[in-house]
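*Asks:* Pasting the sequence and the predicted coordinates here, then a few questions.
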Amino acid sequence: MPENKHARRGLMLLYAALGILGVWLLLRFLVPWLLPFIIAFVLARLIEPIVRLLSKQMKLPRGLASAICVVIVAALLITLFTLAIGRIVYELAALAGDIPALLGDLTQVFSALRDKLNAYILAAPAELRGYLIDALDGLSARSADLLTSLSGGILGFLSSAATAGPRVIVFIFTCAISTFFISSGWTATTGFIMRQIPKRHHHALRDFRSDLRSTLGRWLKAQLMLSGVTFLELCVAFVVLRIDFAILLALVVALFDALPVFGAGAVLLPWALISLLGGELTRAVTLAVSFGIILLVRNVLEPKLVGAQIGLAPIATLVAMYIGLCSFGIAGMVLFPIGLIMLKHLNDRGYVQLWTN
């Protein structure tokens, strides 16, 4: 390292920039190609205690024990995935089939709404009436095209899902076979990986693994706290709407909200749209407002709760989440704060020196 302080800091910034670029290239290109094998390694690590138990207690060959565990896990995951996808496809197909009837209901709703708005427009100053009438005509035209576009989008999604079926099957098959090979040769696989890392770094690697496990545990705790807040908000909304099985339904939606790809909007917004088309304006507005409140509360609390659990300042967590969202979408919102806390641990332990504590 150069003796000049400014040169040293400049070199560290260059290293940091190169590291960020490397991570971006890794996540952007390499991870999608290696994703089934990464998932297989994680699954093999998760089933390793059971495989070891079957091998030692029941005296089964390790290959047979690995095969039994892989078959059970694969069967459970495929069953859950098939049930979920089948239900989604069924609901979307039913919604697409109901589009003509919903269009008729929507026409009646908008006709009544237009009559009410016309009364207000006629009471407006003469110089504003033309602009308001044009705006109302444009809104009516767009509303008429809304469900037609929605129907086309649903049919396109179903077609894409059917087309992607073979790729999904190949992905699942590759994951299952890779999990078996990695699990049956777990000692050799982990030994090979460790031999590629210099021995002087083994201690740092163990610390990194321990920190990562601790960080993920605290992050999960923060997500559970956020899901609990969402559950309470949904309970209040569903009780006010007098929806049957309000608590159970609130729990299901809160679990959806915990999923990075879906969120509560995946349930509440389609439900609000269907309620609007069915003429239940109060329910539609309440569901939409509830989603807005949930989104607002989550965006306010998430940086603070996640930051408090993983040891980052709320502003640092918010910056990491926003950069992750801009770079990699929803997954980036999860991965970037975790990456930042790992970088903080490495800096705190002295393995890197990016800033002074």
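*Replies:* All right, it came through fine. Numbers count the residues shown, from 1 in each chain.
*Asks:* Okay, residue 75 and residue 68: tell me how far apart.
*Replies:* For residue 75, the distance to residue 68 equals 11 Å [C-beta to C-beta, to the nearest Å]. From N, CA and C alone the C-beta is placed, and that goes for glycine too.
*Asks:* So between these two, which is more surrounded?
*Replies:* Using other C-beta atoms under 10 Å as the criterion, residue 75 and residue 68 rank with residue 68 on top: 16 against 11.
*Asks:* Does the nearest residue to that one once chain neighbours are set aside fall in a helix, a strand, or a coil region?
*Replies:* In this structure, residue 68 finds its nearest non-sequential neighbour in residue 54, 6.8 Å apart by C-beta to C-beta, 6 or more residues apart in numbering. Recorded secondary structure, residue 54: helix (DSSP: H, G, I helix; E, B strand; the rest coil).
*Asks:* check contacts around residue 54.
*Replies:* Counting by C-beta atoms under 8 Å, 6 or more residues apart in numbering, residue 54 makes contact with 60, 65, 68-69.
*Asks:* make it 7 Å
*Replies:* By C-beta atoms under 7 Å, 6 or more residues apart in numbering, the contact set of residue 54 is 60, 65, 68.
*Asks:* where's the last one, which helix or strand?
*Replies:* By that I understand residue 68. Element membership of residue 68 [criterion: DSSP states H and E] is helix 62-97.
*Asks:* Name the residues that touch stretch 180-189?
*Replies:* Outside stretch 180-189, the residues within contact range by C-beta under 7 Å, 6+ apart are 40-41, 44, 47-48, 51, 62-63, 66-67, 69-70.
*Asks:* what do you get if the cut-off is 10 Å, keeping everything else the same?
*Replies:* Applying C-beta atoms under 10 Å, 6 or more residues apart in numbering, the contact partners of stretch 180-189 are 37, 40-48, 50-52, 61-67, 69-71, 73-74, 190-192.
*Asks:* List the buried residues in that stretch.
*Replies:* Neighbour-count burial for stretch 180-189, counted by 16 or more other C-beta atoms under 10 Å, picks out 180-186.
*Asks:* Run through the neighbouring helices and strands of the helix or strand encompassing residue 287.
*Replies:* Assigned by DSSP H and E, residue 287 belongs to helix 281-310. Where contact means 3 or more C-beta pairs under 10 Å, 6 or more residues apart in numbering; DSSP states H and E, helix 281-310 is packed against helix 202-240, helix 246-258, helix 265-277, helix 314-328, helix 330-348.
*Asks:* Report the angle between the longest one and helix 246-258.
*Replies:* Using axes from the mean of the first three to the mean of the last three C-alpha atoms, to 10 degrees, the inter-axis angle of helix 202-240 relative to helix 246-258 is 140 degrees.
*Asks:* And helix 202-240, what's buried?
*Replies:* Within helix 202-240, judged by 16+ other C-beta under 10 Å, the buried ones are 208, 211, 215, 218-219, 222-223, 225-227, 229-231, 233-235, 237-238.
*Asks:* If you count contacts, what does that helix end up packed against?
*Replies:* Under the contact definition 3+ C-beta pairs under 10 Å, 6+ apart, helix 202-240 sits against helix 186-195, helix 246-258, helix 265-277, helix 281-310, helix 330-348.
*Asks:* Give me the mean pLDDT for stretch 61-75.
*Replies:* Averaged across stretch 61-75, pLDDT comes to 90.
*Asks:* Stretch 290-302 - what's its average pLDDT?
*Replies:* Per-residue pLDDT over stretch 290-302 has a mean of 85.
*Asks:* By mean pLDDT, flag the weakest helix or strand of the chain.
*Replies:* When the helices and strands of the chain are scored by mean pLDDT, DSSP states H and E, helix 99-122 comes last with a mean of 65.
*Asks:* Make sure residue 325 is actually in contact with residue 299.
*Replies:* No: judged on C-beta atoms under 10 Å, residue 325 makes no contact with residue 299 at a distance of 11.0 Å.
*Asks:* So these two - more neighbours on which side?
*Replies:* For residue 325 versus residue 299, the count of surrounding residues by other C-beta under 10 Å is larger for residue 325: 15 against 11.
*Asks:* and the more buried one, how far is that from residue 246?
*Replies:* Distance of residue 325 to residue 246, given as C-beta to C-beta: 32 Å.
*Asks:* Next: residue 21.
*Replies:* Taken as C-beta to C-beta, the span from residue 21 to residue 246 is 49 Å.
*Asks:* do the same with residue 74
*Replies:* For residue 74, the distance to residue 246 - C-beta to C-beta - is 36 Å.
*Asks:* do the same with residue 268
*Replies:* For residue 268, the distance to residue 246 - C-beta to C-beta - is 14 Å.
*Asks:* now residue 217
*Replies:* Residue 217 sits 31 Å away from residue 246, going by C-beta to C-beta.
*Asks:* returning to that earlier point: make a PyMOL selection of whichever of the contacts of stretch 180-189 turn out to be buried.
*Replies:* With 16+ other C-beta under 10 Å as the criterion, this PyMOL line picks the buried residues out of the contacts of stretch 180-189:
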select buried, resi 40+41+43+44+47+48+50+51+62+65+66+67+69+70+73+74
